[in-house]
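**Student:** no sequence on hand, only this structure:
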Ligand code: 13P
């Protein structure tokens with residue numbers, strides 16, 4: 001049985017007060033949910049959100065939106081995995097499309113981050129997905145394969161239980177356009193096949209693969225019933241507690 005997960009990626013949004021408020025609402029709202037919720041606040045609010053979640057039980061975990069793949073040292077502006085562990089972070093996003101395309105992170109850097117997160121004992125939520133041009137050229141599966149192989153080749157199969165993949169087609173992020181449930185299912189099935197070829201079929205079968213890109217309360221249920229969609233990574237709608245909790249409910 002695969003773990004159902006719903007991530008709330010707040011991106012560069014919230015302030016100290018609204019971050020605490022969103023975390024309180026999530027902690028209160030998911031007490032009986034079979035899905036695990038992971039909140040990804042901006043770095044400055046990790047401790048405050050972690051403080052709110054401290055008494056909320058294992059149903060809500062704390063995540064970080066990024067990490068530097070090296071030991072503490074002279075890397076101005078970066079945040080290390082040991083600092084994140086100190087803040088009770090247990091999940092790290094790697095390869096989000098905004099970091100691939102806006103911040104110009106390379107495949108090599110994303111690979112180093114994925115390996116470092118898994119080596120640290122934390123969960124790596126690896127984000128992949130094609131741009132609109134790549135989709136129109138029929139390259140969705142090839143791009144997903146390239147991004148997965150590039151990031152995951154060489155990881156130990158022992159780490160597979162701490163890997164989550166989020167398929168987030170770039171054209172669907174923040175645009176209001178969502179992949180149809182059938183298209184998302186086809187892409188997820190392809191992802192599972194690639195992961196099987198890298199990490200083996202047992203790891204692929206138990207891997208949680210999340211869909212992300214304009215997920216809302218109104219489209220979550222139709223996506224969530226697809227057999228290879230194991231949850232969501234939510235951006236904009238995670239900033240509105242009532243809507244986010246409805247999405248969690250749809251996954252449950
Ligand atoms: P939206 O839900 O705002 O489209 O963002 C998706 C996303 O990028 C989550 O990581």
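**Tutor:** Looks like it arrived, so ask away. Predicted model only: the values in this text are computed from it and were never measured. Numbering: from 1, shown residues only.

**Student:** quick one: the strands in the stretch 51-200 of the chain?
**Tutor:** 60-64, 91-94, 123-128, 163-167 (DSSP state E, counting those that start in this stretch).

**Student:** now mean pLDDT, mean neighbour count and distance to residue 230 too, for these, in CSV please.
**Tutor:** C-beta here means a position set from N, CA and C on the backbone, and glycine is covered the same way. Formatted as CSV, the strands of the stretch 51-200 of the chain follow (pLDDT from 0 to 100; neighbours: other CB atoms under 10 Å; distance: least, CB to CB, whole Å):
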stretch, mean pLDDT, mean neighbour count, distance to residue 230
strand 60-64, 97, 23, 15
strand 91-94, 98, 25, 15
strand 123-128, 98, 26, 12
strand 163-167, 98, 26, 8
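
**Student:** and those strands as TSV, adding distance to residue 154?
**Tutor:** Below are the strands of the stretch 51-200 of the chain laid out as TSV (distance: least, CB to CB, whole Å):
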stretch	distance to residue 154
strand 60-64	23
strand 91-94	15
strand 123-128	13
strand 163-167	13
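
**Student:** and the residue lying farthest from the centre of the chain, how close does it get to residue 105?
**Tutor:** Seen from the C-alpha centroid of the chain, the residue lying at the greatest distance (CA atoms, centre = their mean) is residue 74, 28.0 Å away. In this view, residue 74 and residue 105 are 20 Å apart by CB to CB, to the nearest Å.

**Student:** point me to the residue of the stretch 1-150 of the chain nearest the ligand.
**Tutor:** Ranked by CB to the nearest ligand atom, the top residue of the stretch 1-150 of the chain for proximity to the ligand is residue 9, at 3.8 Å.

**Student:** the chain too?
**Tutor:** Closest point on the chain to the ligand, by CB to the nearest ligand atom, is residue 235, at 2.3 Å.

**Student:** what's the closest non-adjacent residue to residue 105?
**Tutor:** residue 99 (4.7 Å; CB to CB, 6 or more residues apart in numbering).

**Student:** list the contacts for that neighbour?
**Tutor:** 66, 105, 110 (CB atoms under 8 Å, 6 or more residues apart in numbering).
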